[in-house]
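1. here's a sequence, model it:
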Amino acid sequence: MRFVLSVLMCLITALPLAAREVDVELVLAVDVSRSMSPAELELQRRGYAEALGSDAVIKAITGGLLGRIALTYIEWAGDGQQRVIVPWTEVSDPAGAAAVAARITAHYEGGLRRTSISSALRAAADSIESNGFDGLRRVIDISGDGPNNMGLPVRAARDEVLARGITINGLPLMTTDALSEIWGIPDLDIYYTNCVIGGPGAFVVPVLQWDAFPAAVTRKMVLEIAGLVPRSSPEKAYRAQGYDCLVGEKMWRQNRSYFDIP
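-> Numbering: from 1, shown residues only. You can find the predicted model right below:
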């Protein structure tokens, strides 16, 4: 009998643990490339922290079918350059959201080189599929101030992620400064719409001024957590046949020769 019980215990412990069910698995993938100044990086972190602590986001979290979400906060830049600031964490109440917000604002590493949206998307998708959670929806929320200029072409990475059943939403940062004029593009929202986002209900929320950033993040997170689509969204108008999704790579080659970048 003891032998039988011992065998049964071994079988039970060998079984994989059931994933924790949540309303949504949400990756906050945040651009920290060097085209963003230290002040902008701080504004970005504080904007996400403010959004997480807002009544609107808390209401969206607690108002879900299960009343809980799982999220991670990842900073990204060039190919293979991702750093996890907040590992996958379950949030179901204001205290949990405040803890995540505090962890975000406690982190102040500087920017990294280059911009690989494609690498960030693939890393985020891998993270979703190995996080121990089982979401009714799976979403990557990616922000950035410029087009992909390194690694796999962004459209190929996007299609790969969509095939895994993950929705991608975009937060294009279209603020104006000297670096954005060199490395950015004026139609970044259109680029994101045609080359980056996808999946059921995918949308973009452009940010034109940094003082509007916290409100934009809050609105975006509420929509993603609640599984809603913006009532008035320009995505359909932004869809363009033949849009050049390699514009960032071409710009990098041009600027590299102009500025003699190794």
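2. going forward, measure contacts and count neighbours with C-alpha atoms only.
-> Noted.
3. residue contacts, Ala102?
-> Ala49 (Cα atoms under 8 Å, 6 or more residues apart in numbering).
4. hang on, I meant Ala216
-> 205-207.
5. repeat that for Val247.
-> Contacts of Val247 (Cα under 8 Å, 6+ apart): 147-148.
6. what do you get for Pro147?
-> Per Cα under 8 Å, 6+ apart, neighbours of Pro147: 115, 117, 184-185, 188, 191, 247-248.
7. any chance of those residues in a markdown table, with distance to Ile140 and pLDDT too?
-> Output for these, formatted as a markdown table (distance: Cα to Cα, whole Å; pLDDT from 0 to 100):
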| residue | distance to Ile140 | pLDDT |
| --- | --- | --- |
| Thr115 | 17 | 89 |
| Ile117 | 12 | 96 |
| Gly184 | 22 | 70 |
| Ile185 | 22 | 87 |
| Leu188 | 18 | 93 |
| Tyr191 | 17 | 95 |
| Val247 | 23 | 92 |
| Gly248 | 21 | 88 |
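8. I'd like to know which of those are part of helices.
-> Judged by DSSP state H, helices contain the following of the contacts of Pro147: 117, 188, 191, 247-248.
9. can you list those in a markdown table and add distance to Leu136?
-> Converted to a markdown table, the ones in helices among the contacts of Pro147 look like this (distance: Cα to Cα, whole Å):
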| residue | distance to Leu136 |
| --- | --- |
| Ile117 | 25 |
| Leu188 | 30 |
| Tyr191 | 28 |
| Val247 | 35 |
| Gly248 | 34 |
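10. among those, who's most crowded?
-> Across the ones in helices among the contacts of Pro147, neighbour numbers were computed from other Cα atoms under 10 Å; Ile117 holds the maximum, 31 neighbours.
11. okay but that residue is in contact with Val154, surely?
-> Yes. Look at Ile117 against Val154 with Cα atoms under 8 Å: they come within range, at 6.4 Å.
12. mutual contacts of these two, please.
-> With Cα under 8 Å, 6+ apart, Ile117 and Val154 have common neighbours Asn148.
13. format the contacts of Pro147 as TSV; extra columns: distance to Ala98.
-> Listed next are the contacts of Pro147 as TSV, based on distance: Cα to Cα, whole Å:
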residue	distance to Ala98
Thr115	30
Ile117	28
Gly184	33
Ile185	35
Leu188	32
Tyr191	33
Val247	39
Gly248	36
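14. for these, which one is nearest Arg68?
-> Nearest to Arg68 among the contacts of Pro147, counting by Cα to Cα, is Ile117 at 28.1 Å.
15. for the contacts of Ala216, which one is nearest Met174?
-> Val207 (5.6 Å).
16. ok, and the closest non-adjacent residue to that closest one?
-> In this structure, Val207 finds its nearest non-sequential neighbour in Leu173, 5.0 Å apart by Cα to Cα, 6 or more residues apart in numbering.
17. now do Pro206
-> Leaving out its chain neighbours, the residue that sits closest to Pro206 by Cα to Cα, 6+ apart is Pro172, at 5.0 Å.
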